[in-house]
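Undergrad: sequence and predicted model, in that order:
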Amino acid sequence: MKVYIGSDHGGFELKEHLKSFIEKLGFQVIDFGTYSQEAVDYPDIAFLVAEKVSQDKGSLGIMIDGAGMGSAICANKVPGVRAAACYDTYGANNSRQHNDVNLLTLGSMITGKGLAEQIVKTWLQTSFEGGRHCRRVEKIMAIEKRFLKETNL
């Protein structure tokens with residue numbers, strides 16, 4: 001399975017660390033940048049990762065910025081993307097099992113390398129439970145579709 005990954009300058013070091021970790025878990029990692037610690041705007045990279053996740057059904061994405069929240073907000077604007085900022089393994093597990101989240105955001109200023117590895121491993125190895133959660137995810141997607149229709153008139 002493909003994992004599209006990106007970061008801003010603040011998340012660059014953690015992104016570089018996680019790439020090999022994710023590959024060791026058996027995933028193909030595709031890096032959308034940034035490629036240095038030179039300042040960039042996180043929405044630019046978050047959009048690239050989210051757009052690719054929305055186009056490549058079955059793929060997953062990970063975006064890292066300082067807090068993880070801004071990238072989640074940006075990614076959630078892309079149709080078909082359900083992004084969650086996770087700060088612990090419970091949130092990572094819950095986001096996949098209950099919400100079928102396909103893009104994880106992390107905050108490099110909040111999450112150290114060891115915890116980030118645990119969160120990523122949990123998130124990547126957890127599947128959507130389906131069942132009663134399908135109805136809820138479908139409602140989320142229906143809201144998205146409603147606004148897509150209104151903006152495309």
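TA: Structure's in. What do you need?

Undergrad: for the closest residue to residue 60 other than its chain neighbours, give me its contacts.
TA: Nearest residue to residue 60, sequence neighbours excluded (C-beta to C-beta, 6 or more residues apart in numbering): residue 3, at 5.1 Å. The way it works is simple: take the backbone N, C-alpha and C, and place the C-beta from them, glycine included. Shown in contact with residue 3 (C-beta atoms under 8 Å, 6 or more residues apart in numbering): 22, 27, 28, 29, 30, 59, 60, 61, 62, 124.

Undergrad: show me the shaky parts of the protein.
TA: Within the chain, the set of residues satisfying pLDDT under 70 comprises 150-153.

Undergrad: show me the helices in it, by range?
TA: In the chain, helices defined by DSSP state H lie at 12-24, 42-55, 69-75, 89-99, 113-124, 132-151, listed in chain order.

Undergrad: for those helices, give me a markdown table that also has distance to residue 36.
TA: Below are those laid out as a markdown table (distance: least, C-beta to C-beta, whole Å):
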| stretch | distance to residue 36 |
| --- | --- |
| helix 12-24 | 7 |
| helix 42-55 | 12 |
| helix 69-75 | 18 |
| helix 89-99 | 28 |
| helix 113-124 | 19 |
| helix 132-151 | 34 |
